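S.K.: All I have is the shape, not the residue letters:
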Ligand SMILES: Nc1ncnc2c1ncn2[C@@H]1O[C@H](COP(=O)(O)OP(=O)(O)O)[C@@H](O)[C@H]1O
Ligand SMILES: CCCC(=O)OP(=O)(O)O
């Protein structure tokens with residue numbers, strides 16, 4: 001496959017499919033030419049039986065937007081998508097190959113919007129005769145053996161997290177302090193619709209709370225629950241298997257209490273005197289802080305920085321409470337929001353510019 005490079009640098013399309021949105025951006029070198037987020041209503045996505053079936057529909061919307069913006073897709077050097085629930089793998093930039101595309105279609109490890117990223121990138125890249133990549137997918141697994149032990153012989157802990165954003169902010173925090181990611185110890189917490197809290201030891205994410213079902217609850221997930229109570233609820237006859245899974249990831253967390261995933265709405269409720277809202281909003285940062293404390297123990301207290309990121313990091317009510325509880329461990333850096341599109345594009349640029357080797361998915 002030919003490396004297409006324009007006179008003013010490589011041109012990369014980055015695609016970040018979420019449950020209810022598709023974010024994408026076009027970069028020329030490190031300069032962003034176009035950045036958009038398209039929201040998808042429940043109604044709009046209803047015709048698709050499986051999440052992965054949405055790939056052509058979402059890609060067509062992106063191509064339409066590129067045309068409208070006057071961007072000629074034939075000028076692209078590469079396409080990169082958010083990486084989904086793949087086999088466990090090390091962090092880095094991976095070329096999308098037939099095995100990866102097949103694994104995403106099969107969704108053996110679960111359906112998730114991120115599974116669309118590799119397939120959408122591959123579809124377009126194949127049409128244009130350019131390479132497709134993913135970067136730091138949600139299944140990045142850099143655990144040491146001790147982190148895999150669950151405590152039940154039937155089960156092993158699985159690393160599923162917001163690896164892309166957490167690795168990006170961990171790199172940024174290190175760089176801002178004149179250090180390299182692979183020479184520092186950090187704890188990074190992604191506080192979005194889901195929460196992941198992770199330990200980065202000298203460039204490896206050696207443990208993380210799974211954003212699906214471990215650690216703190218979040219806007220739409222319940223996090224860790226009492227095992228006995230959960231088993232009782234599963235077998236109570238009240239809910240189906242699918243409903244229970246949906247409760248754990250989708251309609252759990254804040255949504256289960258208040259029918260909204262928007263922290264700002266719950267904050268308004270609390271401000272208007274709703275005591276339940278105030279209590280639940282106190283419990284969320286309390287649980288995040290407990291997870292950070294646990295991860296500090298993984299590093300035996302040798303923590304250079306704690307980095308807080310994600311949409312909820314814009315909330316002073318939440319972030320100030322986390323900081324108050326964890327700042328005794330290490331200085332706290334707050335990098336609100338996410339730079340996932342940029343992280344995807346830059347991960348590919350490093351490969352195209354020959355600074356890093358693309359990894360092969362097996
Ligand atoms: N300015 C803000 N203040 C408080 N909460 C916010 C703010 N901006 C976003 N959030 C909350 O962040 C959460 C979404 O975070 P985000 O990182 O965008 O999640 P994801 O990309 O995982 O859907 C929502 O609960 C949203 O209400
Ligand atoms: C599946 C792990 C990553 C994750 O939870 O992403 P979202 O918050 O985008 O669902």
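M.R.: All right, it came through fine. Quantities reported herein were computed from a predicted structural model and do not represent experimental measurements. Numbers count the residues shown, from 1 in each chain. Ligands and ions are numbered 1, 2, ... in the order given.
S.K.: Show me the shaky parts of the stretch 101-250 of the chain.
M.R.: Judged against pLDDT under 70, the stretch 101-250 of the chain has no low-scoring part.
S.K.: How about the residues of it by ligand 2?
M.R.: 112, 138, 160, 161, 162, 192, 193, 194, 211, 212 (Cβ under 6 Å from any ligand atom). Every C-beta, even on glycine, is put in place using the N, C-alpha and C of the backbone.
S.K.: Now the third one: closest residue in space, sequence neighbours ignored.
M.R.: It stands for residue 160. Once flanking residues are discounted, residue 160 sits nearest to residue 210: 4.8 Å by Cβ to Cβ, 6 or more residues apart in numbering.
S.K.: Also the fourth one?
M.R.: Distances taken as Cβ to Cβ, 6+ apart put residue 196 closest to residue 161, at 3.8 Å, once the chain neighbours are dropped.
S.K.: now swap in residue 269 and tell me
M.R.: residue 277 (3.8 Å).
S.K.: So that neighbour is in contact with residue 265, correct?
M.R.: No: counting by Cβ atoms under 8 Å, residue 277 stays clear of residue 265, with 9.1 Å between them.
S.K.: quick one: which of these two has more around it?
M.R.: Ranked by neighbour count (other Cβ atoms under 10 Å), residue 277 and residue 265 place residue 277 first, with 20 against 14.
S.K.: How is that one assigned, secondary-structure-wise?
M.R.: helix (DSSP: H, G, I helix; E, B strand; the rest coil).
S.K.: Residue 218 now?
M.R.: coil.
S.K.: Not counting its neighbours along the chain, what's nearest it?
M.R.: In space, residue 218 is closest to residue 195, 4.2 Å off (Cβ to Cβ, 6+ apart).
S.K.: Next, count neighbours for that neighbour.
M.R.: Neighbours of residue 195 (other Cβ under 10 Å): 28.
S.K.: If it is in a bridge, with which residues?
M.R.: Residue 195 forms beta bridges with residue 191, as assigned by DSSP bridges.
S.K.: And it, how close does it get to residue 284?
M.R.: Separation of residue 195 from residue 284 (Cβ to Cβ, to the nearest Å) stands at 8 Å.
S.K.: and for these two, which residues touch both?
M.R.: 216, 217, 218 (Cβ atoms under 8 Å, 6 or more residues apart in numbering).
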